[in-house]
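**Student:** heads up, no residue letters with this:
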């Protein structure tokens, strides 16, 4: 999501003109009917491989109650229906698999967080020799039945367990995963992809998607503010302005997942974080910090910041990558510099032919929509007025799948701080 802005090679610039609105959707992986459950050995129910072999992965983080609740949320069919019906998402993944079919045919693939198994089946249809479909949620049981119903049990092996715990007794040629959460990093599922990469991926192997970019931009959204706040000023002729402080807190305290259009965006977007799936480390995900400076393209009320992302499906590394090389990021912050794994990142094959899945406001809408952080009160900005500051996104100490957001911003001689948690 980002001046004169230049897009990363082979990708989009995160901003295009045009777009459409859509109604709110429930959050991916955050359903209100989730229940904590103990791990269940389901081997007697279906022939899906349920593995909890911690002895081989002594460095694996413990599976917490929060993790169990997260996995359980993905047992509900509705969340998978929503994702599969997102044609932008699903068709881009299928096209990426077909575009890289020569890297998949006759090869071994691992699908991290396979869900219903649709990406695993796409890989099997593309000629994969073997696909390990891994999911810690009980949706793995249904995935196994889907695989059997499509006569692919000899090719697709469903493993019910965490990537950190399951055992695969061979190296793999390809890792595929739909790991992206709201604001890209919410849910922290990328850590599981990194674990799979470091455990099983052969040197020169393929990761789909290969790179990701998170963007942010200031936005104006008068309709949203009117709908949620100004409504209380006159309710059937009654002055309910006393409700305003509570209304603002309830409406804008936490990040909001909704769809905006290009007309809401005040400036060119700014790159918050670039992710190279071949080299990024788990440590880098703990905290990301960037400084920004925007120049408003119009006179308008400034209501907050929007975040979105895109991912790129490019070819594999031409030369082997040393996955043990230290990250080029010192500590856990990023200042708009792509990490290169201490110069370990090599050239990609056919970078100009890369597919891009974008969640930008001006691209076709997806179930990710955009994530907005609203201010309690708008700031009036003039055309060409500067907006600068910093944002830090960090994993919650309480639950690493939650995201703490710390915003500092200044404009027109006034400074502000906004803190929120994406739960």
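**Tutor:** Happy to help now that I have it. Predicted model, so just to flag it, every value in this text is computed and none were measured. Residues are numbered from 1 along each chain as shown.
**Student:** make it CA atoms for all contacts and neighbour counts henceforth
**Tutor:** OK.
**Student:** Residue 415 belongs to a strand, doesn't it?
**Tutor:** Yes. Under DSSP: H, G, I helix; E, B strand; the rest coil, residue 415 falls within a strand.
**Student:** Give the bridge partners for it, please.
**Tutor:** residue 410 (DSSP bridges).
**Student:** separation between it and residue 401?
**Tutor:** To residue 401, residue 415 is 30 Å away according to CA to CA, to the nearest Å.
**Student:** Show me the strands in the stretch 201-350 of the chain, by range?
**Tutor:** 201-208, 211-219, 256-258, 270-276, 287-295, 300-313 (DSSP state E, counting those that start in this stretch).
**Student:** Let's have those in TSV, adding mean pLDDT.
**Tutor:** What follows is the strands of the stretch 201-350 of the chain, written out as TSV (pLDDT from 0 to 100):
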stretch	mean pLDDT
strand 201-208	97
strand 211-219	98
strand 256-258	97
strand 270-276	98
strand 287-295	98
strand 300-313	98
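**Student:** Which of these sits closest to residue 362?
**Tutor:** Closest approach to residue 362 among the strands of the stretch 201-350 of the chain is made by strand 300-313 (10.9 Å; CA to CA).
**Student:** what packs against that closest one?
**Tutor:** strand 211-219, strand 355-358, strand 370-381 (3 or more CA pairs under 8 Å, 6 or more residues apart in numbering; DSSP states H and E).
**Student:** what is the rounded mean pLDDT of the helix or strand following the longest one?
**Tutor:** The one in question is strand 370-381. Remark: after strand 370-381, the chain's next helix or strand is strand 386-395, criterion DSSP states H and E. Mean pLDDT, strand 386-395: 97.
**Student:** what do you get for stretch 399-407?
**Tutor:** Stretch 399-407 comes out at a mean pLDDT of 92.
**Student:** tell me which residues in it are buried?
**Tutor:** 400-407 (16 or more other CA atoms under 10 Å).
**Student:** Repeat that for stretch 127-136.
**Tutor:** 127-136.
**Student:** Now do the contacts for the closest residue to residue 216 other than its chain neighbours.
**Tutor:** Spatial nearest neighbour of residue 216, excluding adjacent residues (CA to CA, 6 or more residues apart in numbering): residue 307 at 4.4 Å. Applying CA atoms under 8 Å, 6 or more residues apart in numbering to residue 307 gives the contacts 1, 183, 214-217, 370-372.
**Student:** one step back: now for the helices and strands packed on strand 300-313, which one comes closest to residue 280?
**Tutor:** Here strand 211-219 is closest among the helices and strands packed on strand 300-313 (CA to CA), at 9.8 Å.
**Student:** got the angle between the closest one and strand 270-276?
**Tutor:** 170 degrees (axes from the mean of the first three to the mean of the last three CA atoms, to 10 degrees).
**Student:** so where's this protein shaky on pLDDT?
**Tutor:** Along the chain, the model assigns pLDDT under 70 to residues 1-59, 316-353.
**Student:** at 80 instead, please
**Tutor:** 1-61, 65-67, 69-71, 73, 188, 316-353 (pLDDT under 80).
**Student:** Give me the secondary structure label for residue 173.
**Tutor:** Three-state assignment for residue 173 (three-state DSSP): strand.
**Student:** likewise residue 131?
**Tutor:** Assignment for residue 131 (three-state DSSP): strand.
**Student:** beta partners of it?
**Tutor:** Beta-bridge partners for residue 131, by DSSP bridges, are residue 109, residue 156.
**Student:** show me the contacts for it.
**Tutor:** Contacts of residue 131 (CA under 8 Å, 6+ apart): 108-111, 120, 123-124, 155-157.
**Student:** same deal with residue 184?
**Tutor:** By CA under 8 Å, 6+ apart, residue 184 lies in contact with 214, 308-309.
**Student:** if you look at the buried residues of stretch 399-407, which of them are in strands?
**Tutor:** Using DSSP state E, 403-407 are the members of the buried residues of stretch 399-407 that sit in strands.
**Student:** For those residues, which two are the farthest from each other?
**Tutor:** Using CA to CA, those reach their maximum pairwise distance at 403 and 407, which is 12.7 Å.
**Student:** Phi and psi next, for the residue positioned nearest the centre of the chain.
**Tutor:** What sits nearest the mean C-alpha location of the chain, by CA atoms, centre = their mean, is residue 180, with 2.3 Å. The phi/psi pair for residue 180 (degrees, to the nearest 10) reads phi -70, psi 130.
**Student:** same thing with residue 147?
**Tutor:** phi -60, psi -50.
**Student:** Nearest approach to residue 242 belongs to which of the strands of the stretch 201-350 of the chain?
**Tutor:** Of those, nearest to residue 242 by CA to CA is strand 300-313, at 21.3 Å.
**Student:** how about the helices and strands packed on strand 300-313 in a markdown table, adding mean neighbour count and distance to residue 264?
**Tutor:** Below are these laid out as a markdown table (neighbours: other CA atoms under 10 Å; distance: least, CA to CA, whole Å):
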| stretch | mean neighbour count | distance to residue 264 |
| --- | --- | --- |
| strand 211-219 | 24 | 5 |
| strand 355-358 | 24 | 17 |
| strand 370-381 | 20 | 11 |
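**Student:** need those in JSON lines with distance to residue 421, can you?
**Tutor:** Converted to JSON lines, those look like this (distance: least, CA to CA, whole Å):
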{"stretch": "strand 211-219", "distance to residue 421": "17"}
{"stretch": "strand 355-358", "distance to residue 421": "24"}
{"stretch": "strand 370-381", "distance to residue 421": "10"}
